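[1] Give me a 3D structure for the following:
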Amino acid sequence: MILDRYIARNLIAISLLALFALVVVFSFFSLVDQLDDTGVGNYGVLQAVQYVLLTIPRLSYELFPIATVIGSMAVLGILANNSELAVIRTSGVSQLQLALSFLKTSIVFIIVSIIIGEFIAPVSEHAAQQKRSIALTKQISLKTKHGFWSRDGDSYINIRKILPGDRVEQIYIFEFDKNHELRSSIHARHAEYNNDKWILHDILKTEISEEQISTKRYDTAEWEAVLNPEVIDLVTIKPRYLSLYGLVSYIQYLKANNQNSKLYVQAFWSKILNPFAIIAMILLALCVVKCEARPIGLGQRVFIGALIGIIFHLVNQVSGHLGIVYGIPSFISVSLPTILVLGYIYYSLSRNR
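    Numbers count the residues shown, from 1 in each chain. Presented below is the predicted three-dimensional model:
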């Protein structure tokens with residue numbers, strides 16, 4: 001349909017332009033924030049710029065709903081100011097048919113956001129956090145899918161699993177002498193951080209000498225390492241930055257080990273509901289812009305769209321945090337703002353069709 005192509009062409013172009021502008025603005029503020037850390041370790045201006053560039057895919061994914069509502073407001077504003085919207089309506093196109101035209105275009109945005117959120121952003125965000133953590137501290141030397149490696153004097157530490165609440169599992173500690181020869185290795189099943197020190201549990205220590213190799217077992221032991229939860233947090237990818245597959249796998253692991261998985265469940269539902277948030281933001285513009293309204297400048301339309309998108313984003317964040325604090329089921333706390341907006345859209349379109 002000609003109208004569908006016309007709306008799609010303009011909506012995609014303006015939304016991408018809005019997304020580009022938002023990414024530039026937010027990246028600039030992110031760079032300013034990162035510059036505060038320059039001079040720490042090997043973290044300089046070049047590393048800060050590299051970090052910001054690597055976080056652009058994640059930033060684009062998060063800003064997609066805001067960009068789409070700005071695009072929708074701008075497109076409808078142009079149509080209304082040029083009296084094209086009035087012509088479209090008087091030619092027999094109902095409000096619901098117009099909404100369907102916008103809905104078709106939203107499929108393109110949803111596909112693009114899924115590709116970025118599932119395949120590009122997690123990889124680039126992982127690289128960004130890893131490069132930043134290595135530059136900021138000399139303790140972290142390598143981060144892999146099997147955990148991360150850290151150096152503490154003549155000891156090398158490998159931690160396989162990082163859990164919420166300052167808890168880690170599968171810790172391997174390799175101690176070398178001054179001649180760089182391995183003298184002992186320690187394996188602990190898990191550890192927690194209490195009173196500025198680690199408490200290791202279920203420990204197997206292997207001591208190596210020129211004469212023999214001996215092993216000893218301990219139930220618990222204190223481990224006074226330079227490594228602390230703040231350093232570990234530098235290389236830990238936040239739940240909202242993981243892919244759906246990564247979230248599902250980690251949620252299953254946490255539940256199998258009787259650990260709190262609420263943050264990860266919340267991030268899972270946020271990713272599931274992101275396409276509906278994009279649809280809600282696109283269709284919400286139809287309820288705001290009326291063909292019979294007096295002409296309003298394009299800049300004002302864009303400002304209103306940005307304001308709506310930012311408010312929606314903030315309400316989403318607040319709702320999610322309230323769900324964590326008050327124990328509200330994750331699906332309800334995450335989906336409530338989107339459901340309310342979609343409900344309002346349905347009511348408005350049904351009344352004005």
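[2] helices or strands up against the helix or strand harbouring residue 175?
    In this assignment (DSSP states H and E), residue 175 forms part of strand 167-176. Here strand 167-176 touches strand 155-163, strand 182-194, going by 3 or more C-beta pairs under 8 Å, 6 or more residues apart in numbering; DSSP states H and E. In this view, the C-beta of every residue, glycine as well, is placed from N, C-alpha and C.
[3] Repeat the analysis, applying 10 Å as the threshold.
    With contacts taken as 3 or more C-beta pairs under 10 Å, 6 or more residues apart in numbering; DSSP states H and E, strand 167-176 sits against strand 147-152, strand 155-163, strand 182-194, strand 197-208, helix 229-234.
[4] The third one vs strand 197-208, what angle?
    Put plainly, it is strand 182-194. Here the directions of strand 182-194 and strand 197-208 differ by 160 degrees (axes from the mean of the first three to the mean of the last three C-alpha atoms, to 10 degrees).
[5] what's the angle from strand 182-194 to strand 155-163?
    Angle, strand 182-194 to strand 155-163, by the same axes, to 10 degrees: 40 degrees.
[6] For strand 182-194, the averaged confidence score.
    Average pLDDT, strand 182-194: 92.
[7] Stretch 204-214 too?
    pLDDT averaged over stretch 204-214 gives 89.
[8] wait, residue 163 sits on residue 190?
    Yes - with contact defined as C-beta atoms under 10 Å, residue 163 reaches residue 190; the gap is 8.3 Å.
[9] Domains of this structure: list them as residue ranges, please.
    Domain ranges of the chain: 2-137+238-351, 140-226, per automatic domain parsing.
[10] Could you give the average pLDDT over the first one?
    Going back to what we said before, that points to domain 2-137+238-351. On average, domain 2-137+238-351 scores 89.
[11] Same list (the helices and strands packed on strand 167-176) but as CSV, adding distance to residue 27.
    Below are the helices and strands packed on strand 167-176 laid out as CSV (distance: least, C-beta to C-beta, whole Å):
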stretch, distance to residue 27
strand 147-152, 27
strand 155-163, 28
strand 182-194, 34
strand 197-208, 37
helix 229-234, 21
